[in-house]
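In: Could you work out the structure for the sequence below:
(one chain, ligands or ions: 2)
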Amino acid sequence: MKRVDEHLADILGSVRELPPLELALPESLGGVLAEPVTAPVDLPPFDNSAMDGYAVLAADVAAASETSPVSLSVVGDIAAGDQGAYDITPGRCARIMTGAPLPGGADAIVPVEWTDGGAAKVTIRRPATPGHYIRRAGEDVTAGQTVLPAGTRLGAAQVGMLAAVGRARVLVRPRPRVAVLSTGSELVEPGSPVGPGQIWDSNSFALTAAVTEAGGVGFRVGSVGDDPREVLATIQEQLASADVIITSGGVSMGAYDVVKEVLSGLGTMRFEKVAMRPGKPQGFGLLDDRVPVFTLPGNPVSAFVSFQVFVRPALRALQGLPPAPPRTVRAPLRVPIDSSPEGLRHYLRANLGEDEGGDPWVAPAEAQGSHQVFALSSSNALIVVPEDVTSLQAGQTVDVLELP
Ligand code: AMP
Ligand code: MG
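Out: Ligands and ions are numbered 1, 2, ... in the order given. The predicted model follows:
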């Protein structure tokens, strides 16, 4: 049987980074920068006020106090967006709003709260030192500075940074578009009634959601029955527009394992047994020389675990990101694990928590069947028991994958 690490290495060895695309800012969220972004100007671009108040000469208000306030004449108003074409000379000041350019001569801002708010004359009751409440040009970013290096995944703050340096478009490796297809003649769309022998299709929903959680763009194709022609046609239809295709079901040893049947021999597809539980039957390969196709097992927990272990790292690699699995922590077991299959890497549904002192612990769920979706949906982690470990005592420390 193939080891988990070997299978993952084969996958990562064959996926290539997506070509960069120039996207408008609103479409760029989740993309990974394929260029470094530099600031064309200083940020802020000019000295400006950090408060609504008065632009003054600090020397004029140095002696101001509650008992002997200073009175200055107000030469005008400067709003944000004005050009600030005033010159402040001794005995004078300008009323100024937050973000408005600092007028010539002024070297401090007195916030309006320290004054009587006058429009022609203003009474100031507290002193301000030079530089007070002034935002200096370039104190955030200097012209020419790299604000976002290539390889950065764009979140909301990074999209804001791009706009703040004047970018309307940006070169990114886009979020991979992933088509998700379930197979199985027993599957019924949720919302429709199930008849005898039927179950609702959950994999196409869970896997599409997992794609989104992992930073891709999931497209749920839906489910198709175990009909070879229909399965092949549906996969081929997706090849033109998808960066990745995920199927579930039809890859084990049964009589109707249709995915394996129709894809065997196509592209670089290989169907293998991987030494893990759940998730032993796996298929992977490139179709059309380009599109990675993951054929995951049908049992819902197997499909989900396979996604986290194999698909998630590959989606990251497509964007040029380090192909990390979900975050892994170490935690002591709260209860023993009496038996874990020799030679298989065992991913147990589990709960990771903390005791009152803030120390972590982890406990496996009772139900560990690969069809038991409730145990999965009430877990927040997977315990990873290595291939060569068959039992563990309470208190022993294990690797734990935190579920997103
Ligand atoms: P298969 O790999 O097709 O033999 O399926 C293994 C098990 O997973 C069977 O019990 C299927 O009914 C179940 N299964 C397959 N696909 C799905 C799905 N999309 N949603 C829920 N259960 C599924
Ligand atoms: Mg099936």
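In: Show me which residues of the stretch 51-200 of the chain are close to ligand 2?
Out: The stretch 51-200 of the chain has residues residue 184 near ligand 2, with proximity defined as C-beta under 5 Å from the ion. In this view, the C-beta of every residue, glycine as well, is placed from N, C-alpha and C.
In: Please work out which residue of the stretch 51-200 of the chain is closest to ligand 2.
Out: Closest residue of the stretch 51-200 of the chain to ligand 2, C-beta to the ion: residue 184 (3.9 Å).
In: Spit out the contact partners of the residue nearest to that residue when sequence neighbours are not counted.
Out: Among residues not flanking residue 184 along the chain, residue 249 sits closest, at 4.7 Å (C-beta to C-beta, 6 or more residues apart in numbering). Contact partners of residue 249, counting by C-beta atoms under 8 Å, 6 or more residues apart in numbering, are 182-184, 203, 259, 297-298.
In: In ChimeraX, how would I select just the buried ones from those residues?
Out: Here is the ChimeraX command that selects only those of the contacts of residue 249 that count as buried (16 or more other C-beta atoms under 10 Å):
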select :182,183,184,203,259,297,298
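In: pLDDT added to the contacts of residue 249, as CSV?
Out: Output for the contacts of residue 249, formatted as CSV (pLDDT from 0 to 100):
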residue, pLDDT
182, 98
183, 98
184, 97
203, 98
259, 98
297, 98
298, 97
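In: Looking at the contacts of residue 249, which is nearest residue 87?
Out: residue 203 (71.3 Å; C-beta to C-beta).
In: give the contact list for that closest one.
Out: For residue 203, the contacting residues are 182, 248-249, 296, 298, 300, 303, by C-beta under 8 Å, 6+ apart.
In: from memory residue 127 sits against residue 65, does it?
Out: Yes - counting by C-beta atoms under 8 Å, residue 65 is a contact partner of residue 127 at 7.4 Å.
In: Those two: which has the busier surroundings?
Out: In this view residue 127 and residue 65 are compared by other C-beta atoms under 10 Å, and residue 127 has more residues nearby, 19 against 12.
In: Next, give phi and psi for the more buried one.
Out: phi -80, psi 160 (degrees, to the nearest 10).
In: distance of the residue nearest to the spatial centre of the chain from residue 310?
Out: Closest to where the C-alpha atoms of the chain average out (C-alpha atoms, centre = their mean) is residue 215, at 5.4 Å. From residue 215 over to residue 310 the distance is 16 Å, taken as C-beta to C-beta, to the nearest Å.
In: Give me the pLDDT value at the residue nearest to residue 184.
Out: As predicted, residue 249 sits at a pLDDT of 98.
In: cool, and residue 324?
Out: So residue 324 comes in at 86 (pLDDT).
In: Also the one 5 residues further on?
Out: On the pLDDT scale, residue 329 is placed at 96.
In: Please apply the same query to residue 23.
Out: The score at residue 23 is 98. That number is its pLDDT.
In: Pull the contacting residues for it.
Out: 31, 169-170, 172, 174.
In: now the residues you listed as CSV including distance to ligand 1 and secondary structure?
Out: Listed next are these as CSV, based on distance: C-beta to the nearest ligand atom, whole Å; DSSP: H, G, I helix; E, B strand; the rest coil:
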residue, distance to ligand 1, secondary structure
31, 30, coil
169, 39, strand
170, 37, strand
172, 32, strand
174, 27, coil
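In: which of those lies closest to residue 265?
Out: Distances from residue 265 to the contacts of residue 23, taken by C-beta to C-beta, are shortest for residue 174, at 31.2 Å.
In: how about residue 7, phi and psi?
Out: Main-chain dihedrals, residue 7, degrees, to the nearest 10: phi -60, psi -40.
In: Number of residues surrounding it?
Out: For residue 7, the neighbour count with other C-beta under 10 Å is 23.
In: so who does it touch?
Out: So residue 7 contacts 272, 274, 282, 284, 310 (C-beta under 8 Å, 6+ apart).
In: could you flag which of these are buried?
Out: Buried members of the contacts of residue 7, scored by 16+ other C-beta under 10 Å, are 274, 282, 284, 310.
In: Next, give me the two most distant ones among those.
Out: Going by C-beta to C-beta, the pair spanning those furthest: 274 and 284, at 9.7 Å.
In: Stretch 6-22 spans what distance, first to last residue?
Out: End-to-end distance for stretch 6-22: 35 Å, by C-alpha to C-alpha, to the nearest Å.
In: and the strand or helix carrying residue 351, which residues are buried?
Out: Element membership for residue 351 (DSSP states H and E) is strand 345-354. For strand 345-354, a neighbour-count test (16+ other C-beta under 10 Å) marks 345-352 as buried.
In: Phi first, then psi, for residue 68.
Out: Main-chain torsions, residue 68, degrees, to the nearest 10: phi -130, psi 80.
In: quick one: contacts for it?
Out: Taking C-beta under 8 Å, 6+ apart as the contact definition, residue 68 lies against nothing.
In: distance of it from residue 127?
Out: 11 Å.
In: if we can go back for a sec, of the contacts of residue 203, which belong to strands?
Out: Counting by DSSP state E, the contacts of residue 203 place 182, 248, 296 in strands.
In: Okay, residue 114 and residue 126: tell me how far apart.
Out: Residue 114 is 4 Å from residue 126, where distance means C-beta to C-beta.
In: doesn't residue 32 make contact with residue 320?
Out: Yes - under the criterion of C-beta under 8 Å, residue 320 makes contact with residue 32 at 5.6 Å.
In: Give me the common contacts of those two.
Out: Counting by C-beta under 8 Å, 6+ apart, the common neighbours of residue 320 and residue 32 are 151, 173.
In: The two: which is more packed in?
Out: residue 32 (23 against 18).
In: Okay, and the beta partners of the more buried one?
Out: Bridge pairing for residue 32 (DSSP bridges) gives the partners residue 153, residue 173.
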